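Engineer: Here is my input, please return the structure:
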Amino acid sequence: MSTPAEQMMQRAAAGEFGNPINMDQYNAAWSEYMEYELSKRGKKPIYHTISGLWEENSNSGKVAHSGRVQEEIVIPAGSKLLTFRKNSENPNAPALSLVWVSYED
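Structural biologist: Residues are numbered from 1 along each chain as shown. From the prediction side, this is the model:
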């Protein structure tokens, strides 16, 4: 698979942009390529905090982490949930952060 720059050089060598190269056409082709690539990336994610999660030392061993929600949260059906590891020197800080993801319009 060739890089975008190699593809553009091949297109130019094939005479697609004229001879000598019409830079307006060449730049327009680059612009179309970039817009196409950006459209494949989707919309920017927005991370909404649900709660910090602390390691749980329960006798049953079934609960790994626990936390509490500070306010009422509505999470739309089908939303992606993520947990992020938290690296902190503070021994009282949560081990994980639980979030849900939406995407900007």
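Engineer: could you give the mean pLDDT of the helix or strand harbouring residue 37?
Structural biologist: Assigned by DSSP states H and E, residue 37 belongs to helix 23-41. Computed over helix 23-41, the mean pLDDT rounds to 83.
Engineer: Do a quick rundown of the strands in the protein.
Structural biologist: Secondary structure of the chain (DSSP state E): strands at 45-55, 65-66, 80-85, 96-103.
Engineer: can the ones you listed go into a markdown table with extra columns for mean pLDDT?
Structural biologist: Supplementary listing: those in a markdown table, determined by pLDDT from 0 to 100:
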| stretch | mean pLDDT |
| --- | --- |
| strand 45-55 | 93 |
| strand 65-66 | 92 |
| strand 80-85 | 93 |
| strand 96-103 | 92 |
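Engineer: need those strands in JSON lines with distance to residue 29 and mean neighbour count, can you?
Structural biologist: (Each C-beta comes from the backbone N, C-alpha and C, glycine too.) Shown next, in JSON lines, are these (distance: least, C-beta to C-beta, whole Å; neighbours: other C-beta atoms under 10 Å):
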{"stretch": "strand 45-55", "distance to residue 29": "30", "mean neighbour count": "14"}
{"stretch": "strand 65-66", "distance to residue 29": "51", "mean neighbour count": "14"}
{"stretch": "strand 80-85", "distance to residue 29": "35", "mean neighbour count": "12"}
{"stretch": "strand 96-103", "distance to residue 29": "29", "mean neighbour count": "16"}
